[in-house]
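In: Give me a 3D structure for the following:
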Amino acid sequence: EVVELMPGSISKMNDLGPKVCVGAGTGLGECYLTRSSLAPGLGYECYPSEGGHVDFVPRDDLGVELWKHLREKFDGANRVSVERVVSGRGLANVYEFLAGRFPERVDKEIHDEFLGAGDQQGRVVGVNASKGGSLTELAARIMIASYGSEVGNAALKWIPTGGLYVTGGLTPKNIEMIKGPDSPFMKAYLDKGRLRPLLDTVPLFAVMTEDIGLRGARVCAEREYNAM
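Out: So this is what the prediction gives:
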C-alpha cells in the first residue's frame, strides 16, 4: 500500500524513530508519531499539528508572482499559508492565477468547466492535468513541487527516521508527478542545500490508499473500547 520514494527506505527504518505524515487532499494535514524507548511495546502515539498552515515559500520568479496574487486574494498582509497552494483548493488557486497571468494559453472549454465547478474546481484541474503544455498541467506541477518542498521541510524539522509518509487523496492521484528522481516532487523535496545529505537518512514513502483517516478513527475507537 506504499511506494518507496527514496531507494532503500524500508531497510533504513528505525523501529524507535519518529514517524511523520504529510497529506494533501481537501486541505493539508501534518502529524507526527513517537515511540518510547523505555516502553516500545506500547507502540506509537500520534500527535496533531497545524503544519499545513506554515508559510508558503516561492521557489522561483513565477512562484513569487503566485505568492503576491494569493496574498492579495486572501488579504494576507505579510504571508500566505502553504495550504493555499498544496491542497485540492490550492490546485484551483494556482490554476486561477495562471489563467490570469497567461490568458493566451487558456483552454476555453476547460476554463468554462472550471468556472462552473464550485468547490470541485480542483478536481477539474486535476482531471485535465495530463494535457501536455496546458495551464492545468503547469498548475499541477507547481502544486506538486510545492508539496515536495513542504514534505522536505517536514523531514528537516522532525528527522523522521521511523518513516516519512506522503498521504492524502492527492498523492495516489498524482503519483506519476511524485515518484522518480526527476519528478517535480522529488526535485523540490531534495533541494535543501547544505542539509541535502540528511534526507538520505529519512525513509520516504507515498501512501497509495485514501482511507487513512478512517483507519485511524477505527484504531482510536478500538483503544477506547478496550479501555472501558
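
In: Near residue 191, how many other residues are there?
Out: Residue 191: 14 surrounding residues under other Cβ atoms under 10 Å. C-beta: built from backbone N, CA, C; applies to glycine.

In: quick one: contacts for it?
Out: 59, 149, 152 (Cβ atoms under 8 Å, 6 or more residues apart in numbering).

In: ok, longest helix in the chain?
Out: Assignment by DSSP state H gives helix 135-158 as the longest helix of the chain.

In: Does anything pack onto that one? Which helices or strands?
Out: Here helix 135-158 touches strand 19-24, strand 28-34, helix 61-73, helix 88-101, helix 121-127, strand 163-167, helix 175-178, helix 184-190, going by 3 or more Cβ pairs under 8 Å, 6 or more residues apart in numbering; DSSP states H and E.

In: Next one, pLDDT for residue 36 please.
Out: For residue 36, the model assigns a pLDDT of 84.

In: what's it sitting at in phi/psi?
Out: Backbone dihedrals for residue 36, given as degrees, to the nearest 10, come out at phi -70, psi 130.

In: Residue 133 now?
Out: Per degrees, to the nearest 10, the backbone of residue 133 is at phi 80, psi 0.

In: Tell me how far it lies from residue 105.
Out: 8 Å (Cβ to Cβ, to the nearest Å).

In: Please identify which of those two sits among more neighbours.
Out: Ranked by neighbour count (other Cβ under 10 Å), residue 133 and residue 105 place residue 105 first, with 12 against 8.

In: How about the more buried one, nearest residue that isn't a chain neighbour?
Out: Using Cβ to Cβ, 6 or more residues apart in numbering and skipping the chain neighbours, the partner closest in space to residue 105 is residue 135 (5.4 Å).

In: Tell me if I'm right that the one you found and residue 103 touch.
Out: No: between residue 135 and residue 103 there is no contact, the gap being 9.7 Å when judged by Cβ atoms under 8 Å.

In: So between these two, which is more surrounded?
Out: Per other Cβ under 10 Å, whichever of residue 135 and residue 103 has more neighbours is residue 135, with 26 against 10.

In: I'd say residue 9 and residue 200 touch.
Out: No: contact between residue 9 and residue 200 fails when scored by Cβ under 8 Å: they sit 10.3 Å apart.

In: These two: which is more packed in?
Out: The residue with more neighbours, out of residue 9 and residue 200, is residue 9; 17 against 12, by other Cβ under 10 Å.

In: quick one: least confident helix or strand in the chain?
Out: Lowest by mean pLDDT, DSSP states H and E among the helices and strands of the chain is helix 212-226, with a mean of 89.

In: in it, what's buried?
Out: Residues of helix 212-226 classed as buried: residue 212 (neighbour count, 16 or more other Cβ atoms under 10 Å).

In: Can you name every helix or strand that it contacts?
Out: Secondary elements touching helix 212-226 (3+ Cβ pairs under 8 Å, 6+ apart): none.

In: make it 10 Å
Out: Secondary-structure packing of helix 212-226 (3 or more Cβ pairs under 10 Å, 6 or more residues apart in numbering; DSSP states H and E): strand 19-24, strand 28-34, strand 45-48, strand 163-167.
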